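Undergrad: Sequence and predicted structure below; questions after.
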Amino acid sequence: MEYRKFNNTIVARIDKGEEILDKIKEIANKENIKLANINALGATNDFTVGVFKTDEKKYYSNNFTGDFEIVSLTGTINTMNGEFYSHIHMSAGNDKGEVFGGHLNRAIVSATCEMVINIIDGTVDREFNENIGLNLFKF
C-alpha cells in the first residue's frame, strides 16, 4: 500500500494480496483519523459481505471467490468508545455482470484498489443500540 495526503484528502493504492479493511485501519491509525468517508474501486478475488436481518438482529455472511471488479466501496471511519471504528459496504461484479454486495467483512485485493478518504474535521462516536441491534452514530 502507498498513499498521499492532500490537505484533508488521502488518495491510497492498496496492492495485490492486501486486505482492504486492514489497510483502512492502518491509514486511520497512522493519520489519527477520527471521522471520514471512503470511496473506492478496484478488483478482488476473495471477499466476504453480509446482510443484517433486522428482525433477528443478526448478520448473515457470504464468501465469494473468483475474478470480481469492485464496482462500489463506500463507508465511514469514526470511533466507538474513542477507538477506531469503520462501517464499509462493498459491491463487486463478476464476468457475467452479476453483482454481489453488502456489509464488508473482508476483501483481498487481486490487482489494485484505488481509494479516496475524505477526512472530516470532527468526531462522531458510536454506541450499541439494543432496540436496533447495531452500533449507531452517537451525537
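TA: Nice, thanks for sending it over.
Undergrad: avg pLDDT for stretch 112-132?
TA: Throughout stretch 112-132, pLDDT has a mean value of 97.
Undergrad: Would you mark the buried spots in that stretch?
TA: Neighbour-count burial for stretch 112-132, counted by 16 or more other Cβ atoms under 10 Å, picks out 113, 115, 117, 119, 125, 126. All C-beta spots, glycine's among them, are computed from the backbone N, C-alpha and C.
Undergrad: Now do that stretch: distance to the chain's middle.
TA: 9 Å (Cα atoms, centre = their mean, to the nearest Å).
Undergrad: Apart from its neighbours in sequence, what residue is nearest the spatially most central residue of the chain?
TA: The residue lying closest to the centre of the chain (Cα atoms, centre = their mean) is residue 88, at 3.1 Å. Nearest non-adjacent residue to residue 88, counting by Cβ to Cβ, 6 or more residues apart in numbering: residue 75, 3.5 Å away.
Undergrad: got the contact list for the residue lying closest to residue 49 once chain neighbours are set aside?
TA: Leaving aside its sequence neighbours, residue 49 sits nearest to residue 102 (Cβ to Cβ, 6+ apart; 3.7 Å). The contact partners of residue 102, by Cβ atoms under 8 Å, 6 or more residues apart in numbering, come to 49, 50, 51, 62, 89, 90.
Undergrad: For the host helix or strand of the fourth one, buried residues please.
TA: It refers to residue 62. Residue 62 belongs to strand 58-80 when assigned by DSSP states H and E. Residues of strand 58-80 classed as buried: 64, 68, 69, 70, 73, 75, 76, 77, 78, 79, 80 (neighbour count, 16+ other Cβ under 10 Å).
Undergrad: before we move on, what about stretch 15-25?
TA: The neighbour-count check on stretch 15-25 (16+ other Cβ under 10 Å) flags 18, 19, 20, 23, 24, 25 as buried.
Undergrad: Just list the residues touching the second one, thanks.
TA: Going back to what we said before, that points to residue 19. Counting by Cβ under 8 Å, 6+ apart, residue 19 touches 106, 107, 108, 109.
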